[in-house]
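Visitor: Sequence plus the predicted model coming up.
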Amino acid sequence: MRVERVSRGYIHPVSSLAAAVAAVLLVSACGKNNTPPPKATPEVTVVTVQPQSVPVTTELPGRVNAYLSADVRARVDGVVLQRDFVEGSDVKSGQRLYLIDPAPYKAALDSAKATLAKAQANLVSVKAQAERYKVLVAANAVSKQDYDNAVASQGQAEADVAAGQAAVETAAINLGYTAVVSPINGRIGKSQVTPGAYVQASAATLLSTVQQIDPVYVDLTQSSLDGLRLRRELASGDLQMAGKNQAKVTLLLEDGSEYPLSGTLQFSDVTVDQGTGSVDVRAVFPNPKHVLLPGMFVRARLIEGVNDRAILVPEVGVTHDQKGEATALIVDADSKVALRTLQTTRTLGDNWVVEGGLKAGDRVIVSGLQKIQPGATVKAVEQAPAAAAPASAAASDAKAQ
């Protein structure tokens, strides 16, 4: 076995190389800066808000009612002989709907005519007698009393003729009532009686109902508190009247779709319902295709005025805290993020209508909210106008393809 001895002054070549490498690494490490590089300032997209005119709308529940509605009722007693309409069809004013047995009323008219003829014949006789007595009394051929009786008989005969004429007219009217006609133009509902049924004028037997449904009324309900608030805002100048006479109204149908035709506000009641604390509001809508039917539930949007100092903020820039209050992050003059609590009323398209919490020129953050906190310094980039959005969207789609 061979044993190598290392002299006291001898350094192994491997150990020398390792020491040299360690020294070089140490010098290199000492020459570098251990401080991490500064983080880049986050970039956010902002919208600079300005006051603008915004219509003030109110959404109210309501029901559709016929513009005209007429109950068809019996005006004479008798048996219904026939029905002359199809249920659910359109009828014209004066169109015959039912025929009540006219025979008794024809007989009554004939009797009244005969009585009138008798009274007219009697009048001719007594009138001639009164004329003769007038000549004779002047010659003292008859007494003054006889002449006075002849004049009185003539007056009575004239009254009998007048009564006979009235009886004929009454009989003719009753005979006309046997042909039951539609009082208005409209659509008739189901028949309440069938041929063979006995109807009575004293009971005002209901036969059917005719309703005009073009146009139609929409009766809405507005709380008196909302009406009071509206009047106060108009008086203070916070709101301007949308129109001097009539406000436009739009409808939302039961399935959530919007009715294509707009209506006009006709009147607002002046009496508050003591039970509900609400006021009735009535609007008129054209209904040429009969989409709106009486009794249908709808919701109406009324443009009540114009707010000249409202601010619109995109929905993406508004959040709600745990209390349910609307909040938004803005970039102040020092490029720092600040939290604002907003007073919002409603949405208008893709924007919130803000009436408090922001002022003209505030820059509301609408993009990049996930990477910032209040107090952070950011770089604000103004959002491109809405008109340019489709072009950039198309460019993105082309790039993706």
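Guide: Thanks, I have it.

Visitor: Would you mark the buried spots in the longest helix along the chain?
Guide: Ordering each helix of the chain by length in residues (DSSP state H) puts helix 103-138 first. Neighbour counts over helix 103-138 (16 or more other Cβ atoms under 10 Å) mark 105, 108-109, 112-113, 115-116, 119, 122-123, 126-127, 129-130, 133, 137 as buried. Placement of C-beta: from N, CA and C, glycine included.

Visitor: And for stretch 71-91?
Guide: Burial within stretch 71-91, assessed by neighbour count using 16+ other Cβ under 10 Å, is assigned to 72, 73, 74, 75, 76, 77, 78, 80, 83, 85, 90, 91.

Visitor: repeat for stretch 174-190
Guide: By 16+ other Cβ under 10 Å, the buried positions in stretch 174-190 come out as 174, 175, 177, 178, 180, 181, 182, 184, 186, 187, 188.

Visitor: got a list of what the third one touches?
Guide: Yep, that's residue 177 we're talking about. For residue 177, the contacting residues are 75, 76, 100, 105, 201, taking Cβ atoms under 8 Å, 6 or more residues apart in numbering as the criterion.

Visitor: again with the fifth one
Guide: With contacts defined as Cβ under 8 Å, 6+ apart, residue 180 is in contact with 72, 74, 75, 96, 97, 98, 99, 100, 207.

Visitor: now do 10 Å
Guide: Applying Cβ atoms under 10 Å, 6 or more residues apart in numbering, one finds that residue 180 lies in contact with 72-76, 80, 83-84, 96-100, 199, 207-208.

Visitor: After the helix or strand that contains it, which helix or strand is next?
Guide: When elements are assigned from DSSP states H and E, residue 180 belongs to strand 179-181. Using DSSP H and E, the next helix or strand after strand 179-181 towards the C-terminus is strand 186-188.

Visitor: hmm, back to that, let's have the buried residues of stretch 174-190 in a markdown table, adding pLDDT and distance to residue 294.
Guide: Below are the buried residues of stretch 174-190 laid out as a markdown table (pLDDT from 0 to 100; distance: Cβ to Cβ, whole Å):
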| residue | pLDDT | distance to residue 294 |
| --- | --- | --- |
| 174 | 96 | 33 |
| 175 | 96 | 34 |
| 177 | 96 | 27 |
| 178 | 96 | 30 |
| 180 | 96 | 22 |
| 181 | 96 | 22 |
| 182 | 96 | 17 |
| 184 | 95 | 14 |
| 186 | 94 | 11 |
| 187 | 94 | 10 |
| 188 | 95 | 13 |
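
Visitor: Show me where the stretch 1-150 of the chain has its strands.
Guide: Under the criterion DSSP state E, counting those that start in this stretch, the stretch 1-150 of the chain carries strands at the ranges 43-48, 52-73, 78-83, 90-91, 96-100.

Visitor: and the fourth one, which strands flank it?
Guide: Which is strand 90-91. strand 186-188 (antiparallel) (DSSP bridges).

Visitor: wait, doesn't residue 348 sit right on residue 55?
Guide: Yes. At 8.0 Å, residue 348 counts as touching residue 55 under the criterion of Cβ atoms under 10 Å.

Visitor: and for the two, which residues touch both?
Guide: Looking at what touches both residue 348 and residue 55 (by Cβ under 10 Å, 6+ apart), the common residues are residue 310.

Visitor: residues near residue 294, how many?
Guide: One way to gauge burial is a neighbour count; for residue 294, by other Cβ atoms under 10 Å, it gives 17.

Visitor: Please report how far the nearest residue to it once chain neighbours are set aside lies from residue 173.
Guide: Using Cβ to Cβ, 6 or more residues apart in numbering and skipping the chain neighbours, the partner closest in space to residue 294 is residue 66 (4.7 Å). For residue 66, the distance to residue 173 under the criterion Cβ to Cβ, to the nearest Å works out to 28 Å.
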